[in-house]
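**Student:** test case, fold it:
(4 chains)
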2 protein chains.
Amino acid sequence: MPPTKVKSAEVPIAATRQHKADAKAAVHPPAKPRPITRIQREKQDLILEAALEVFSLHGFRGATIDQIAEVAGMSKPNLLYYFPRKEEIHRRLMGELLVTWLAPLREMDENGDPFSEIRSYIRRKLEMARDFPRESRLFANEMLQGAPRIIEMIEVDLKNLVDEKAKVLLTWMDQGKLTRTDPYHLIFSIWATTQHYADFDVQVRAVLGPGRGGEGRFEDAARYLEQLFMFGLTPKTRA
Amino acid sequence: MPPTKVKSAEVPIAATRQHKADAKAAVHPPAKPRPITRIQREKQDLILEAALEVFSLHGFRGATIDQIAEVAGMSKPNLLYYFPRKEEIHRRLMGELLVTWLAPLREMDENGDPFSEIRSYIRRKLEMARDFPRESRLFANEMLQGAPRIIEMIEVDLKNLVDEKAKVLLTWMDQGKLTRTDPYHLIFSIWATTQHYADFDVQVRAVLGPGRGGEGRFEDAARYLEQLFMFGLTPKTRA
DNA sequence: AGAAATTTTGACCAGTTGGAAAAATGTTAG
DNA sequence: CTAACATTTTTCCAACTGGTCAAAATTTCT
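**Tutor:** Alright, predicted model coming up:
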């Protein structure tokens, strides 16, 4: 269970200090590839992990650089050496997150059996809610505020993926393998029901009480959701 | 469509100024009933309405008293005259909100027909997501942060209500009128699927696109959810 | 080792924030 | 009309915020 490790590819070296040596470096950008040291990657990951913790709990505005720095175990100026501004941290975090976040949907295979594909999708999403609740909350936080910093990603990447999968669902419906219904709202309902267990965790625990609010709640949820999405609430034997 | 007007009952007169006349007033608390002027009530409602707007958008920490005051059309010190601290505003807002928020569930009648009761509940919750999205987001914001300011209310009022209604659902299941399943997770799934349309509104609109993201989305959602909760995704005519 | 580059620190700053104090301005009952 | 009270405005402040900067400490490279 990796804590965060979403993906650390193209690390554009946090705006490497450019003071006096500016003249040279800035004028010949392609000349200096700037290798990216081991320390840089490690520290950046450390910061992103800390930022995930803090942002997911307080939202962008509510989180402070000091808090993030403290969680990351470094001083504020030191943190700012790697990410010159707060928004930069958030942007990176969201960008990497979205990829992970959509992976389960991406895996839904149009050549598989409709029901087992949907069931797997629900299960994977539920596992993510269980194992990566901070990521879920970070995402929810951003959405609640109108997604000001990631709206383009939502409108492009996410929309395209959903459009594509909606088509797959429609095909299955055409083949009579699935009740004919709205594929978009179907996807929304899967998102909503699964992410609920991460985003509203406090409420879920409080309502279930100490008895049933333990770790078993995810298995109960999985069982219930499978029932719901397969057959709804209509009993098989009519009363 | 009342903008907010959740409920303005027991208004404990925002800590009426107590400076020099303190001696008298403070020593004989039960002596002076303090009538609560019309202006006080009006201004307090104005502030709460503004606070709802701001808190729901930025969360507790992200919202500033200045912003709230500006939306309410008054100066910050003036606002602080009615609510001596930021947290006070939030507390009042959440307290009144919870009552409205739970009303739909409270209405679920154990003597009614199970399916029409559940259907009505879903419809009412969906209407609330449509007509009171700010309230929904305020609530979601608080939940995301671990409900630090309303955890007791959740653990008592909300839990009791859910326990009560879960019993009703169980009775219905015992009578064979409803598939036997987990009543708590059933309620969670109704909350999640309906509130999603308020809390993740930006995402819903973005994914549906300009064509289907208009006002019709709530009717589409209602239709889909009815289908889902009634029969799930299994087609009637097996392919 | 020693020079060059990278990383870390400490001091600092300007703008914002929640909130206090008191003076100034209504409002109203006698 | 005016004293008593309610409301509003002005001024102010200490703590916090995001961010800068130069110097010091450390690491890396030759």
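**Student:** going forward, measure contacts between C-alpha atoms and count neighbours the same way
**Tutor:** OK.
**Student:** by proximity to DNA strand C, which residue of chain A wins?
**Tutor:** Closest contact between chain A and DNA strand C, by C-alpha to the nearest atom of the strand, is at residue A:78 (3.5 Å).
**Student:** now do the same end-to-end measure for stretch A:66-81.
**Tutor:** Start-to-end span of stretch A:66-81 (C-alpha to C-alpha, to the nearest Å) is 13 Å.
**Student:** what about it and chain B, touching?
**Tutor:** No - judged by C-alpha under 8 Å from any C-alpha of the partner chain, stretch A:66-81 and chain B are separated, with a smallest distance of 13.6 Å.
**Student:** buried residues in that stretch, which are they?
**Tutor:** By 16 or more other C-alpha atoms under 10 Å in any protein chain shown, the buried positions in stretch A:66-81 come out as A:67, A:68, A:69, A:71, A:72, A:75, A:76, A:79, A:80.
**Student:** where's the third one, which helix or strand?
**Tutor:** Put plainly, it is residue A:69. Assigned by DSSP states H and E, residue A:69 belongs to helix A:65-72.
**Student:** and that helix, what other elements does it pack with?
**Tutor:** Helix A:65-72 sits against helix A:38-62, helix A:76-82, with contacts defined as 3 or more C-alpha pairs under 8 Å, 6 or more residues apart in numbering or on different chains; DSSP states H and E.
**Student:** show me the domain layout of chain A.
**Tutor:** Per automatic domain parsing, the domain ranges recorded for chain A read A:13-86, A:91-231.
**Student:** select, out of those, the one closest to DNA strand D.
**Tutor:** domain A:13-86 (3.3 Å).
**Student:** how close does the nearest residue to residue A:143 once chain neighbours are set aside sit to residue A:91?
**Tutor:** Leaving aside its chain neighbours, residue A:143 sits nearest to residue B:200 (5.6 Å; criterion: C-alpha to C-alpha, 6 or more residues apart in numbering or on different chains). To residue A:91, residue B:200 is 19 Å away according to C-alpha to C-alpha.
**Student:** these two: which is more packed in?
**Tutor:** Ranked by neighbour count (other C-alpha atoms under 10 Å in any protein chain shown), residue B:200 and residue A:91 place residue B:200 first, with 23 against 13.
**Student:** right, and that one touches residue A:145 too?
**Tutor:** No - Residue B:200 lies out of contact with residue A:145 (C-alpha atoms under 8 Å); the separation is 9.2 Å.
**Student:** make CSV from the domains of chain A and add mean pLDDT to it.
**Tutor:** Formatted as CSV, the domains of chain A follow (pLDDT from 0 to 100):
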stretch, mean pLDDT
domain A:13-86, 76
domain A:91-231, 96
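**Student:** so which of those domains gets nearest residue B:233?
**Tutor:** With C-alpha to C-alpha as the criterion, residue B:233 lies closest to domain A:91-231 of those, at 5.1 Å.
**Student:** how about JSON lines for the helices and strands packed on helix A:65-72, with distance to DNA strand D added?
**Tutor:** Below are the helices and strands packed on helix A:65-72 laid out as JSON lines (distance: least, C-alpha to the nearest atom of the strand, whole Å):
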{"stretch": "helix A:38-62", "distance to DNA strand D": "7"}
{"stretch": "helix A:76-82", "distance to DNA strand D": "5"}
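**Student:** nearest to residue A:163, out of those?
**Tutor:** Taking C-alpha to C-alpha, helix A:38-62 is the member of these nearest to residue A:163, at 28.0 Å.
**Student:** that closest one - contacts with which helices or strands?
**Tutor:** Using 3+ C-alpha pairs under 8 Å, 6+ apart, the elements in contact with helix A:38-62 are helix A:65-72, helix A:76-82, helix A:86-107, helix A:133-144, helix B:38-62.
**Student:** hmm, that helix in reach of DNA strand C?
**Tutor:** Yes - applying C-alpha under 7 Å from any atom of the strand, one finds helix A:38-62 touching DNA strand C at A:38, A:39, A:40, A:43.
**Student:** and the contacts of that helix?
**Tutor:** With C-alpha atoms under 8 Å, 6 or more residues apart in numbering or on different chains as the contact definition, helix A:38-62 has outside contacts at A:3-5, A:8, A:11, A:13, A:63, A:67-69, A:71-72, A:79, A:82, A:89-90, A:93, A:134-135, A:137-139, A:141-142, B:58-62, B:144-146.
**Student:** can you give me how far it is from the chain middle?
**Tutor:** 14 Å (C-alpha atoms, centre = their mean, to the nearest Å).
**Student:** report the angle between it and helix B:38-62.
**Tutor:** Between helix A:38-62 and helix B:38-62, the angle comes out at 170 degrees (axes from the mean of the first three to the mean of the last three C-alpha atoms, to 10 degrees).
**Student:** rewinding a little: and the residues of helix A:38-62 next to DNA strand C, which are buried?
**Tutor:** Using 16+ other C-alpha under 10 Å, the buried members of these are residue A:43.
**Student:** now render the residues of helix A:38-62 next to DNA strand C as JSON lines, adding distance to residue B:175.
**Tutor:** Formatted as JSON lines, the residues of helix A:38-62 next to DNA strand C follow (distance: C-alpha to C-alpha, whole Å):
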{"residue": "A:38", "distance to residue B:175": "65"}
{"residue": "A:39", "distance to residue B:175": "65"}
{"residue": "A:40", "distance to residue B:175": "64"}
{"residue": "A:43", "distance to residue B:175": "60"}
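**Student:** for the residues of helix A:38-62 next to DNA strand C, work out which two are farthest apart.
**Tutor:** Greatest spatial distance among these (C-alpha to C-alpha): A:38 and A:43, at 8.6 Å.
**Student:** any idea of the angle the strand or helix carrying residue A:218 forms with helix B:217-231?
**Tutor:** Residue A:218 is part of helix A:217-231 when elements are defined by DSSP H and E. Helix A:217-231 runs at 90 degrees relative to helix B:217-231, counting by the same axes, to 10 degrees.
**Student:** how about residues contacting helix A:217-231?
**Tutor:** Here helix A:217-231 makes contact (C-alpha under 8 Å, 6+ apart) with A:115, A:119, A:122-123, A:126, A:130, A:193, A:197, A:233, B:181-182, B:185-186, B:228-234.
**Student:** what about 7 Å?
**Tutor:** Outside helix A:217-231, the residues that touch it by C-alpha atoms under 7 Å, 6 or more residues apart in numbering or on different chains are A:119, A:123, B:181, B:182, B:185, B:228, B:229, B:231, B:232, B:233, B:234.
**Student:** one more: stretch A:154-169?
**Tutor:** So stretch A:154-169 is contacted by A:110, A:183, A:184, B:203, B:206, B:207 (C-alpha under 7 Å, 6+ apart).
**Student:** could you flag which of these are buried?
**Tutor:** Neighbour-count burial (16+ other C-alpha under 10 Å) applied to those gives A:183, A:184, B:203, B:206, B:207.
**Student:** for the third one, give me its contacts.
**Tutor:** Counting by C-alpha under 7 Å, 6+ apart, residue B:203 makes contact with residue A:154.
**Student:** residue nearest the centroid of chain A?
**Tutor:** Most central in chain A under C-alpha atoms, centre = their mean is residue A:101, positioned 3.9 Å from the mean C-alpha point.
**Student:** so which of the buried ones among the contacts of stretch A:154-169 comes closest to residue A:170?
**Tutor:** Nearest to residue A:170 among these, with distances taken as C-alpha to C-alpha, is residue A:183, at 6.7 Å.
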